[in-house]
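> Got a sequence here, can you build the structure:
(chains A, B, C and D)
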Protein chains: 4
Amino acid sequence: MAGSTLGTIFKISTWGESHGKAIGVVIDGCPAGLSLDESDIQPFLNRRKPGQSIYSTPRKEDDAVEILSGTFEGKTTGTPISMIVYNKTQQSRDYSEIASYYRPGHADYTFDAKYGFRDYRGGGRSSGRETTARVAAGAVAVKILNQLGITFTTYTRSIGTIEIDDARFNEKEIFNNKLYMPDADAAEKAGEYIIQMTKEHDSVGGCVEAVIKGVPSGLGDTVFEKLDANLAKAVMSIGAVKCIEIGDGSKVSKMAGSMDNDGFMMQEEHVVKRTNHAGGILGGMSDGSDIILRASFKATPSILKTQNTVNKNNEDIEISIKGRHDPVIVPRAVVVVEAMSAITILDALLLNMTATLDGITRFYGK
Amino acid sequence: MAGSTLGTIFKISTWGESHGKAIGVVIDGCPAGLSLDESDIQPFLNRRKPGQSIYSTPRKEDDAVEILSGTFEGKTTGTPISMIVYNKTQQSRDYSEIASYYRPGHADYTFDAKYGFRDYRGGGRSSGRETTARVAAGAVAVKILNQLGITFTTYTRSIGTIEIDDARFNEKEIFNNKLYMPDADAAEKAGEYIIQMTKEHDSVGGCVEAVIKGVPSGLGDTVFEKLDANLAKAVMSIGAVKCIEIGDGSKVSKMAGSMDNDGFMMQEEHVVKRTNHAGGILGGMSDGSDIILRASFKATPSILKTQNTVNKNNEDIEISIKGRHDPVIVPRAVVVVEAMSAITILDALLLNMTATLDGITRFYGK
Amino acid sequence: MAGSTLGTIFKISTWGESHGKAIGVVIDGCPAGLSLDESDIQPFLNRRKPGQSIYSTPRKEDDAVEILSGTFEGKTTGTPISMIVYNKTQQSRDYSEIASYYRPGHADYTFDAKYGFRDYRGGGRSSGRETTARVAAGAVAVKILNQLGITFTTYTRSIGTIEIDDARFNEKEIFNNKLYMPDADAAEKAGEYIIQMTKEHDSVGGCVEAVIKGVPSGLGDTVFEKLDANLAKAVMSIGAVKCIEIGDGSKVSKMAGSMDNDGFMMQEEHVVKRTNHAGGILGGMSDGSDIILRASFKATPSILKTQNTVNKNNEDIEISIKGRHDPVIVPRAVVVVEAMSAITILDALLLNMTATLDGITRFYGK
Amino acid sequence: MAGSTLGTIFKISTWGESHGKAIGVVIDGCPAGLSLDESDIQPFLNRRKPGQSIYSTPRKEDDAVEILSGTFEGKTTGTPISMIVYNKTQQSRDYSEIASYYRPGHADYTFDAKYGFRDYRGGGRSSGRETTARVAAGAVAVKILNQLGITFTTYTRSIGTIEIDDARFNEKEIFNNKLYMPDADAAEKAGEYIIQMTKEHDSVGGCVEAVIKGVPSGLGDTVFEKLDANLAKAVMSIGAVKCIEIGDGSKVSKMAGSMDNDGFMMQEEHVVKRTNHAGGILGGMSDGSDIILRASFKATPSILKTQNTVNKNNEDIEISIKGRHDPVIVPRAVVVVEAMSAITILDALLLNMTATLDGITRFYGK
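Predicted coordinates:
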């Protein structure tokens, strides 16, 4: 089954294993005429690159991206854009231990159950390293959306029990700390929390939030292709995400209609919402206000702490997982959430062009 | 854009407006040889039919389904199954008021923004009535899955601030109360809560939970076609859902790895998980334990309470929405969540047959 | 598997069996704002309706179409358009004979091989009657394309060995004879030929040609989504078609490059082709000249003449097929070829809107 | 728009330009457990490699393929298989002339019309070089199909006016001559014909035929996903193909039903067809006999002979195209037709596994 391809018009196919030769993505359906070279992509990859801080795996990867096709004289041609990132540190360490048992919280067991065996080196295809390819594609989507006035503010909302204080929200702070939190205070506490948990041989989860501004009204559709539905799929497809929320999210279940409804009003001759409990999406379609989504990530499953599992001889055993693991993946996942959101919104924006006969006749000059 | 079609192998296309002639669905890709007639579908439709209790709209609809194609001598033939439910009460009431403004919390504004105008009668295509068609398709999916040993327990987890007590969970109670809650006590309190809120001219949200047993390991895939990602899309595509959670859901962001990981152990010569924080899905693939998901529904947006909005003359106005509205849609949405889950899991189960060369050669007897 | 759904943006799903209750189609993705009612569809259905002449089956069907959804106040709303045609003459005749053996040239055997059994009444889903639904959808596509200046001239090019003489081509003649031939002389001879073959208890094939004018340059794409490739699929998916040709078609294999290439020249400040051997498509994309395609249909497989086959007891037998069969299906297939071409071109036209960043920014007014 | 992705389960995405860094393909959906390394792919690429004979372009390319992902310890893992072929001879020649006008018979004009500009180096994405990637994917499909007993015999049926004599058909001869003709005599004459045409500064077309044995009955479907419809799309998507035929092909339009129908008979307790006019497909589904298809290729459009065209200053000019061009592409296209057929049949074979409930329950052991 084809499980690594996403999108209808802006379609991406990612490939590659954690410890294979390379990781890559093919974007099929990128519009022609976009100025594009590696310098547009690399900054996004750098945001999720390992080894940036004490909070992430010390694995060293340049994550230098190369564009292999789809551009000519600095512009996209409308043909598939193939991008590749070589894996530098697939050093020949001994994988015999990791191959011999199922790591709790990982895909080892389910991969074997489905496919009969697995590339156990570093998690193979189920490694977070796969998201490198998503981020490369997302960088292209973000660049296009930026040119249409759509911008992304994505950050760590919480690490474990430490959450940002909305009163102290400071967008500029996001890139000032290694946790990508828009609240310096929270970032400091979260850092201490991670260090404490690492000392306890444990790991930490958290929550990523994205605020997307400038999305025109009407993206998405009424039934299955709701914009929130596709955002939910895109973001839930990131490993370790167990919850996706739009706007007020899970809180709506406890709210009365009068609290949750966003009234409309006129503002400079435009219809706008007075509040944004809906998170920018009404009836599956963008409503012109900020799109707000949150994803909850579980803690890194690889921990030093002793865990129970079974080995390949079907024996109950105890394990302690050593190696280069992130104590928390949330900071590196921020740009992945941004990438998946951008890919989804761009696809919706392209599909939306065909919504009305009036738009079509205008486009074709009839 | 094609927004009413879902699925790869078991593909459904729904159609119809709230106050049009009928609502329907075409299932393209249902396997041949399934015993099927209307009596398999009707009980599911009855679970979401309006007018069943004081907690739902008094609109009267039989919701009698008719199968128009795809079966022969009581069995599916492998060809598209077309099902239709006629709308009985599209009475010619006066829609001029509802046509004249944007109802807060509804798709009125976004529909106009996208398509230029809208069928304003009862919400048109954006009405919850559209889910009739989903439930009809879901009934077919559930019947197939049941034959493969897969069963669904779906219920109301909470209404407003009233949540079931897991210690009092009683599956048999689900069909004993009109709110489909597996806890008689909670159901009673929730009923009182709804009545109270109705008196205040307000409305109520809630949370639906599904527990799916017997799913074989390995359904779903590693990257974009993760089973949880597709469940997220399918369930988030139900109107009013603002949050979807798998297993421990949003709580994972606060849990340490050692709390969240499910250790493995041997049980009767099978590998099983000791706990089920993951909600039955690891790395995007089913792991053989129960799949657990939750959807948070916002309160019905149509309320008698005064709200602010704008009219078609671009004037700020105050409105009070009268008419036949559910004070809470959660109980009627229970079977919709079940239907969407079943459709998703069946599609994953069919796709999974092609995962290994060994399975393929076995199938073709080579 | 989902075999009755076609298209990416303008997506159609057909359903229904020859002798079931009805035949229908759901169009998911029709743009909003198109004036549409049954009177737009019916003339197309009338062109393929049975019982119009001595050359077609005497089965009587009104083929009256009803639109069940997707329009409001006479215009499409952007939501799925469901159309239904009830089967009038599913009279309870005796099907025991036809059920007892495999008709040569029909899908009886392969249907059983795939699905295990079949709806044998009149061919079930494999009946030419299924094309009713395609024509209904095609009528909508043609109406949209007409508004964009794209027109279809579709006709019978040959019946058996009788072919039209291009020197006598007269577009107006097409609707003057029951065979839809643009050459009165050829039509007369072809009519005699059919009568002769019918007397011999045999049947006749032929060729349908479509000329599509006004298609803007650039529809289709470079690799798999070539416009000719999608036309080939769409037209080859009509039962009885065994060959599809674009432009000079099979003759190109014998032509030198200098004979087949169409030189370019300037004409009223536009680049145009001097000739049109290519049939309006270069490198998979429309080139602004007429699109020309031809489909070769085999003779109706149901014939009175004695044939060999096997029965359900696995015995070799001889049969003579009685009943209401077309001696030739080509004239009724003309509008089916037109419908499938229109559906394909419309989908390509909608997809094409997303080809360039310049077009996208222009569309969104940035 | 996404134009370089094909297939539902076995999904391929090709990328790369003629004179870019590389050409490649990602196969998403290859079943796990297939033994695979580069030596399985290379022989197929060698069959379409340039520079093999005087009948093909002297451009020198090793076309050495490298597998970048999707295998582990010599077997496919079920994850995407990324394959790359570097372009060796993208020498920095002067492309200013070719950039300055539209070559007749090429995609230059339509590419500009659609995308606004083009990578003019060697045809860019519209070059036949793109088929390298298709052949690499096709080699994987063929290997899987071979293990299921399905084999391909693909060859040149005709070059210009020189056609093989079926009475002299010799399968072993196919690989004995550089034209891949199964008739040594015809091959010799065809070779002389090509040389003659080359002397006249002209080029030659031809016809490729594929015979596919061992396909089980029931692949494909009744309506749009007919096996012949998908073969038509796949093969018509190869550049220069203007006609695709199944079985008797275009001849059926002149044949009577009694001549064209294939009677059934019992043979060793199996139902078989007495003849194979249908080319192995009935009602869109494989019937167990050989699948036979033919594709007609136009002559190479790049010729030395003087042609008329326009330049970028919108002036009518005369040109003579120099450079490394194949006088005939048919021999190199043989393996491309085989590849596209194999990809299509494999996808149909995988989809077919979900056709019946009986097959599904058997598969899951219920």
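
> and the closest residue to chain B within the stretch 251-366 of chain A, what does it touch?
Of all residues in the stretch 251-366 of chain A, A:Gly283 sits closest to chain B, at 2.3 Å by CB to the nearest CB. Yep, even glycine has a C-beta here, placed from its N, CA and C like the rest. Going by CB atoms under 8 Å, 6 or more residues apart in numbering or on different chains, A:Gly283 touches A:Thr222, A:Lys226, B:His106, B:Ala107, B:Thr110, B:Phe111, B:Ser126, B:Gly239.

> Just the ones in helices from these, please.
In helices, judged by DSSP state H, the following of the contacts of A:Gly283 are found: B:Thr110, B:Phe111.

> Quickly note the distance from the residue of the stretch 251-366 of chain A closest to chain B to A:Gly218.
Separation of A:Gly283 from A:Gly218 (CB to CB, to the nearest Å): 11 Å.

> okay, and the common contacts of these two?
Common neighbours of A:Gly283 and A:Gly218 (CB under 8 Å, 6+ apart) are B:Thr110.

> Which stretches in the stretch 151-300 of chain A count as helices?
Along the stretch 151-300 of chain A, counting by DSSP state H, counting those that start in this stretch, helices occupy A:184-199, A:227-236, A:257-260.

> could I get those helices as JSON lines with mean neighbour count, mean pLDDT and distance to D:Glu338?
As requested, the helices of the stretch 151-300 of chain A are exported to JSON lines (neighbours: other CB atoms under 10 Å in any protein chain shown; pLDDT from 0 to 100; distance: least, CB to CB, whole Å):
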{"stretch": "helix A:184-199", "mean neighbour count": "18", "mean pLDDT": "96", "distance to D:Glu338": "56"}
{"stretch": "helix A:227-236", "mean neighbour count": "29", "mean pLDDT": "98", "distance to D:Glu338": "37"}
{"stretch": "helix A:257-260", "mean neighbour count": "23", "mean pLDDT": "96", "distance to D:Glu338": "60"}
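
> Let me have these in CSV, extended by distance to C:Arg157.
Formatted as CSV, these follow (distance: least, CB to CB, whole Å):
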stretch, distance to C:Arg157
helix A:184-199, 74
helix A:227-236, 45
helix A:257-260, 63
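
> With respect to chain C, which of those helices lies nearest?
Each of these has some distance to chain C by CB to the nearest CB; the shortest is helix A:227-236, at 15.0 Å.

> quick one: contacts of the closest one?
Applying CB under 8 Å, 6+ apart, the external contacts of helix A:227-236 come out as A:6, A:219-221, A:241, A:244, A:246, A:279, A:281, A:284-286, A:291, A:293, A:295, A:337, A:340-341, A:343-345, A:347-348, B:224, B:226, B:228-237, B:242, B:244, B:246.

> just stretch A:45-52 next, same as before
So stretch A:45-52 is contacted by A:56-63, A:65, A:85, A:131-132, A:135-136, A:139, A:178, A:180, A:324, A:326, A:332-336 (CB under 8 Å, 6+ apart).

> So which bits of the stretch 51-200 of chain A are right by chain C?
Contact residues (CB under 8 Å from any CB of the partner chain) of the stretch 51-200 of chain A with chain C: A:Thr76, A:Gly78, A:Thr79, A:Ile144, A:Gln147, A:Leu148, A:Gly149.

> Strands - which of those land there?
Of these, the ones assigned to strands by DSSP state E are A:Thr76.

> Which one of the residues of the stretch 51-200 of chain A next to chain C sits in the busiest neighbourhood?
The residue in those with the most neighbours, by other CB atoms under 10 Å in any protein chain shown, is A:Thr79 (33 neighbours).

> how far away is the closest residue to that residue other than its chain neighbours from C:Met285?
Nearest in space to A:Thr79, with sequence neighbours left out and distances taken as CB to CB, 6 or more residues apart in numbering or on different chains, is D:Arg125 at 4.1 Å. Per CB to CB, D:Arg125 is found 12 Å from C:Met285.

> Name the residues contacting each of these two.
Residues touching both D:Arg125 and C:Met285 (CB under 8 Å, 6+ apart) are C:Thr222, D:Phe111.

> before we move on, back to that, which among the helices of the stretch 151-300 of chain A is found nearest to D:Asp28?
Distance to D:Asp28, taken as CB to CB, is lowest for helix A:227-236 among the helices of the stretch 151-300 of chain A, at 16.7 Å.

> that older thread, distance check, the residue nearest to A:Thr79 against A:Ile292.
From D:Arg125 to A:Ile292 the distance is 39 Å (CB to CB).

> So between these two, which is more surrounded?
Shown here are D:Arg125 and A:Ile292; by other CB under 10 Å, D:Arg125 has more neighbours (31 against 21).

> Which of the residues in the worst-scoring helix or strand of chain A on mean pLDDT are classified as buried?
Ranked by mean pLDDT, DSSP states H and E, the helix or strand of chain A with the weakest confidence is helix A:96-99, at a mean of 85. For helix A:96-99, a neighbour-count test (16 or more other CB atoms under 10 Å in any protein chain shown) marks A:Ile98 as buried.

> In helices only, show me the residues of the stretch 51-200 of chain A next to chain C.
Members of these lying in helices (criterion: DSSP H): A:Ile144, A:Gln147.

> Would you tell me whether the lengthiest helix in chain A gets close to chain C?
Of all segments of type helix in chain A, defined using DSSP H, the longest is helix A:330-352. Yes: with CB under 8 Å from any CB as the criterion, chain C is reached by helix A:330-352 at A:Leu349, A:Leu350, A:Leu351.

> same for that helix, what does it pack against?
The contact analysis (3 or more CB pairs under 8 Å, 6 or more residues apart in numbering or on different chains; DSSP states H and E) places helix A:330-352 against helix A:38-48, helix A:131-147, strand A:151-159, strand A:206-213, helix A:227-236, strand A:291-297.

> Identify whichever of these lies nearest to D:Ser13.
Of all the helices and strands packed on helix A:330-352, it is helix A:131-147 that lies closest to D:Ser13, at 12.4 Å by CB to CB.

> and the closest one, how far from the chain's centre?
Offset of helix A:131-147 from its chain centre (CA atoms, centre = their mean, to the nearest Å): 11 Å.

> what comes up buried for that helix?
Neighbour count says helix A:131-147 has A:131-145 buried, by 16+ other CB under 10 Å.

> for stretch A:70-88, same thing?
A:70-72, A:75-87.

> Would you mind measuring the gap between the ends of that stretch?
Stretch A:70-88 stretches 25 Å from its first residue to its last (CA to CA, to the nearest Å).

> distance between it and the chain's centre?
The chain centroid and the centroid of stretch A:70-88 are separated by 21 Å, computed with CA atoms, centre = their mean.

> cool, stretch A:320-336 as well?
Chain-centre distance of stretch A:320-336: 14 Å, with CA atoms, centre = their mean.

> just the CA coordinates of the longest helix of chain A, formatted as PDB?
Output of helix A:330-352 as PDB, limited to C-alpha atoms (Å, rounded to 0.1, in the frame of the first residue of the first chain):
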ATOM      1  CA  VAL A 330       8.900  18.700  21.000                       C
ATOM      2  CA  PRO A 331      11.300  21.600  20.100                       C
ATOM      3  CA  ARG A 332      12.500  19.800  17.000                       C
ATOM      4  CA  ALA A 333       8.800  18.900  16.100                       C
ATOM      5  CA  VAL A 334       7.700  22.600  16.000                       C
ATOM      6  CA  VAL A 335       8.900  23.000  12.400                       C
ATOM      7  CA  VAL A 336       7.400  19.700  11.500                       C
ATOM      8  CA  VAL A 337       3.900  20.800  12.600                       C
ATOM      9  CA  GLU A 338       4.500  24.000  10.600                       C
ATOM     10  CA  ALA A 339       5.500  22.000   7.500                       C
ATOM     11  CA  MET A 340       2.500  19.700   7.700                       C
ATOM     12  CA  SER A 341       0.100  22.600   8.200                       C
ATOM     13  CA  ALA A 342       1.600  24.500   5.300                       C
ATOM     14  CA  ILE A 343       1.400  21.500   3.000                       C
ATOM     15  CA  THR A 344      -2.200  21.000   3.900                       C
ATOM     16  CA  ILE A 345      -3.200  24.700   3.500                       C
ATOM     17  CA  LEU A 346      -1.500  25.100   0.200                       C
ATOM     18  CA  ASP A 347      -3.200  22.000  -1.200                       C
ATOM     19  CA  ALA A 348      -6.600  23.400   0.000                       C
ATOM     20  CA  LEU A 349      -5.700  26.800  -1.500                       C
ATOM     21  CA  LEU A 350      -5.000  25.300  -4.900                       C
ATOM     22  CA  LEU A 351      -8.100  23.100  -4.800                       C
ATOM     23  CA  ASN A 352     -10.200  26.100  -3.900                       C
END
